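Enquirer: build me a structure from this.
(chains A and B)
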Amino acid sequence: MRSETSYSKPNFKQYFGLSGALLRENLKRFWAIPAIGMICWFFAGIFPFIIEDYNRTNFLATAARPSNPFFAIFILAFPLIASVTTLRYLFSSGSVAAMHTLPLTRGRLYCTNYVSCAVMTLAPVAVTFALLTAADGFSGRMLAAFALLALLALLYTALFHIAAMLTGNVIASIGVAGFLAAVLLGLLMLSSVYFQEMLFGYTFTNYLEALIFRLTPVLHIFAERARSPVWITVYALAIPALYAAGAALYSRRSLERAGDSVVFPAFETVFTLVVTFAGMTLMSVIFQSAGWGRFPYNLGSVVGAALVLLAAQMLMKKSVRIFNRRTLAHGAAFAAAVLLFLAVLSFDLTGFETRVPDPARVKAAELSRRFTPALDSKNIFIYGTRQDFNYDYEPELSNNIIFTDPENIRLVTELHKGIAELRGGAPYYYAHNHYLTLDYRLDSGRLSRAWTLPYKGILDDANARALFESEEYKKQTDLRNPALGQPFSISIHSSANYIPINYDEMAVDSWSSTDIILSSDVYGEFLNALSEDMRNETWDELISCPTAVAGLDIEYQANVEYADGSRGNTTSAHANIAVMPYYTRTIEWLTARGYYERLTEWKKHIVSAELTHLISSSLPYSPVIADSADINNPALILRALDSSVSEMWDHTDYWQMIVTVETGDGRYTTGLVAYFPGDSPTAAALRSAAN
Amino acid sequence: MIEITGLTKQFDKKRALDGLDLHVKKGSIYGLIGVNGSGKTTALKAAVGILRPDEGEARMDGEPVYENGAVKARVGFIPDDLYFFGVYGLGECAAFYRRLYPSWNAERYAAMREKLGLPERGRVTRFSKGMQKQAAFLLAMSAMPDYLILDEPIDGLDPLVRKLVWKCIVDDVASRNMTVLVSSHNLREMEGICDSIGILDGGKMLIERDLDELKSDIHKVQAAFPAGTPDEGRYNGLNVLHRETRGTVELLIIRSPEETVREIIGAKNPLVFDMLPLSLEEIFIYELGGEHSALGNIIF
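Expert: Next up is the predicted model:
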């Protein structure tokens, strides 16, 4: 019978209690950590403030942002260094005995060490804040920014303490700390490799991505401007939870296992499985990159799992003698789990690929509009920049269209069904494919899909046609949409981009005069003409790819509130529009003002074109030059340009034409690269006219 | 007193302690001896509250030691593998101990440090092994512990310092009623200082006695008998641990009361009959060196 022991009744007090003597010694022994921290924070936080043209607004705009990655690095690095250094005594039998001989309970040791690390980590943050405040005055926003940094420092200190509690040496501790810091992100990204490969329509974007980011606090805080107060509260609550978990682990830790990689036997299994999963994924990717198809991919997964499982167990046991009944049982169980995992994905046993929501449950459907090269290259590239400031992000400025009309939602679900039918029939790899995303907002939750489709995947789809000719689509792509802001500048340029043939003269651009800057008094009438043309653009026109007449850049501005509370005008949106030959109102407007002639001046100077025939034996291998020729017939070149497509229809057999013009000061390539299908009449005519 | 009852500790698949019982009287010096791997260090670490027992517990004055800061503040422990903070000098170590141990005696520290000739400054980790041992002893004794637990305390010390260390310990036992639990392989010195002895074997307590009592119970006997005296049943009634014949003389190690030995052997009219005292080292060897032990194969 197991006897009662005095330690078997843990109580709340065990987890807390501070030893002033040990705290003082820790700070005295490890003074270098906050000192180095202070130097780092000084150069990243204070030094830029001192130098010219730096101010508080910029500081706040860049502090907790990817643009200042130093803070993110510090917030991870210093808690890690402090934790590993302070808890290093747990990693050797001599030091662990000495420290646990002291008249301190484990709870008091843990608490004191945690507080020591927190002080070492937070001191430089606090000093940085104090110096900035002294230099520029108190700011509530700055206080909030630094409080957030302090919150993260405490959170990661607690997390890295858990890593030290689970492990028995420095290397394992750092490894597990890294693992814990990005465990969910890492595992889901690894899983995503399989899901993206095997599930038609899987996407690692939108809300799932947001969830993963938020479960990795340093990414959430540093990568997103629109931080969720709810999640910040979650992080704050996670600190005592992680602290308690670490203290509980300490109370159960077997001190005699100092020096071992893993202290708790149960964690050995977890570690082994995670490492095995990572190795299995790596092996799969290697097999996949060889282009051997699905079977080698699965085979690679299983072989990779087996090899890495053995290696991981050897690592855990510190011995190659791992072959016993228990190991074999583990191996068999893991192999079965891998096979089940692959079977679920391969045969879509969850019905993921064919799941289409009931239109009645859909509140909105967001569809990407740049899913073909035609849409991507010629039409509408708008993005909002307001999220850089203290402004709510407006989704209508994104490159997606949001459909809320019930009929349009029904059309989206029908389009979804049509795409789902393409599963299994699509080739394994497309050299030239297109990415379409669809995000449903349902009564409860969301449903996201993304597909890589063959080029003509949905071009003939009647639902897509109806959706892209709908009033909802036209309204959201209207360049007069007030949500974009006020037009600030409009410039028009030729669709040809001139580069001197003689590269020594590259700096010279005699055709720069083709850039036309419109005066603000004509913005209204120009945008009216252009928007009307775009509103009348049919689906067939939208997906056609003639050579554009001109390109134009529109910059919008809006009056916004900055992070420090002041207001000012800033770029709110940008639009790059290709003026198509069938934009009659726009062309008339340009012609009436003499701009059209300037923009197409280059056509009068065509002298030749370089024609290349490219053929690929099979996908995914890159095409090779099968034939090339020069054409010196300007009229034929012009006619060919009008009938060209702006992208390769068939990657296995096509012609490419690069046009050359000549002016008084030399020859220039136009930058215009036109493509023709290999069997097209235009290609045949060009080839027969070639030298 | 120190009381360990039913202490079991297992490392992976190896059982280091198996229901160990150990009792150290207050104000006494208890020597814990055993072959390598018998569980001495594990027992001491459990006694100090470093290791968490799987079963059983260690108590001091009736109070559990494990996770008991108040009890630990009255305990000094010098382990076999010493550890000092990397950059600390002896003075800094002393300052740390002074803040942790309420009974810290600064005068004693100063006096002992001077006697031992240890420098106040300079990293302790750069001291010689013997000096580190002295430093550990100095710190532990300056904390004025009620309980002193020592694991191989004189290993690496020169004879003069060893004498000083033992004297200091004995003085504290006498003057302050300090209780000492010590493990060592130097049995001759243990014999000279210990009041009680515990012999560990395979994680279990083989023998636990007062040293005098232990020595009075085990005897080395030389005996020779007239020719023709039957060998059969010659020592019936005696617990003979070892028997060997050198010419006509028999050498015996017997664990039985002295009177019984004299009575049984004397009744056989021996030509030669001498009872010689056994040293602790001999007792250790004969107790643990039975025919079935690994040690026995080496000794016999």
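Enquirer: was I right to think B:Ser279 contacts B:Glu189?
Expert: No. With contact defined as CB atoms under 8 Å, B:Ser279 does not count as touching B:Glu189 (11.7 Å). All C-beta atoms are positioned from the backbone trio N, CA, C, and that covers glycine.
Enquirer: the closest residue to chain A within the stretch 51-200 of chain B bridge partners, please.
Expert: Each residue of the stretch 51-200 of chain B has a distance to chain A, by CB to the nearest CB, and the smallest belongs to B:Pro64, at 3.2 Å. With beta bridges defined as DSSP bridges, B:Pro64 has these partners: B:Arg59.
Enquirer: how near is it to B:Tyr101?
Expert: Distance, B:Pro64 to B:Tyr101, using CB to CB, to the nearest Å: 20 Å.
Enquirer: between those two, which has more neighbouring residues?
Expert: Neighbours per residue, other CB atoms under 10 Å in any protein chain shown: of B:Pro64 and B:Tyr101, the larger number sits with B:Tyr101, 23 against 15.
Enquirer: which residue sits closest to that one in space, ignoring its chain neighbours?
Expert: Taking CB to CB, 6 or more residues apart in numbering or on different chains, and ignoring the residues beside it in sequence, B:Tyr101 has B:Ala143 as its nearest neighbour in space, at 3.9 Å.
Enquirer: show me the contacts for that neighbour.
Expert: Taking CB atoms under 8 Å, 6 or more residues apart in numbering or on different chains, we find B:Ala143 in contact with B:76, B:97, B:101, B:103-105.
Enquirer: so what pairs up with the residue sitting nearest the centre point of chain B in the strands?
Expert: The C-alpha lying nearest the average C-alpha coordinate of chain B belongs to B:Gly31 (CA atoms, centre = their mean; 2.3 Å). Using DSSP bridges, the bridge partners assigned to B:Gly31 are B:Val182, B:Ile197.
Enquirer: next, the contact list for it, please.
Expert: For B:Gly31, the contacting residues are B:182-184, B:190, B:193-194, B:196-198, B:211, taking CB under 8 Å, 6+ apart as the criterion.
Enquirer: and the gap between the residue nearest to B:Tyr101 and A:Ala343?
Expert: Distance, B:Ala143 to A:Ala343, by CB to CB: 66 Å.
Enquirer: what number of residues lie near B:His185?
Expert: 15.
Enquirer: pretty sure it sits against B:Ile33.
Expert: Yes. At 7.5 Å, B:His185 counts as touching B:Ile33 under the criterion of CB under 8 Å.
Enquirer: what residues are shared contacts of the two?
Expert: When contacts are counted by CB under 8 Å, 6+ apart, B:His185 and B:Ile33 have no shared neighbour.
Enquirer: neighbours of residue 248, how many?
Expert: Picking chain A for this. Here the number of neighbours of A:Ala248 (other CB under 10 Å) works out to 17.
Enquirer: could you do chain B instead?
Expert: By the criterion of other CB under 10 Å, B:Thr248 has 12 neighbours.
Enquirer: skip the chain neighbours and tell me the closest residue to it.
Expert: Distances taken as CB to CB, 6+ apart put B:Ala224 closest to B:Thr248, at 5.0 Å, once the chain neighbours are dropped.
Enquirer: any idea how far the one you found is from B:Asn269?
Expert: Noted for B:Ala224: a distance of 11 Å to B:Asn269, by CB to CB.
Enquirer: give me the more crowded residue out of the two.
Expert: For B:Ala224 versus B:Asn269, the count of surrounding residues by other CB under 10 Å is larger for B:Ala224: 17 against 10.
Enquirer: for the chain, name the helix or strand with the lowest mean pLDDT.
Expert: Using chain A. Per-element confidence for chain A was summarised using mean pLDDT, DSSP states H and E. The lowest value among helices and strands belongs to strand A:381-384, with a mean of 44.
Enquirer: I was after chain B.
Expert: helix B:294-299 (a mean of 39).
Enquirer: quick one: buried residues of the lengthiest helix in chain B?
Expert: With DSSP state H applied, the helix covering the greatest number of residues in chain B is identified as helix B:159-176. With burial defined by 16 or more other CB atoms under 10 Å in any protein chain shown, the residues of helix B:159-176 counted as buried are B:161-162, B:164-166, B:168-169, B:172-173.
Enquirer: what about that helix, average pLDDT?
Expert: Across helix B:159-176, the average pLDDT comes to 90.
Enquirer: residues from the stretch 251-400 of chain A in reach of chain B?
Expert: Taking CB under 8 Å from any CB of the partner chain as the test, the list of the stretch 251-400 of chain A residues beside chain B reads A:254-256.
Enquirer: which of the residues you listed lies closest to A:Val183?
Expert: Within the set of these, A:Ser254 lies nearest A:Val183; the separation is 23.6 Å, counting by CB to CB.
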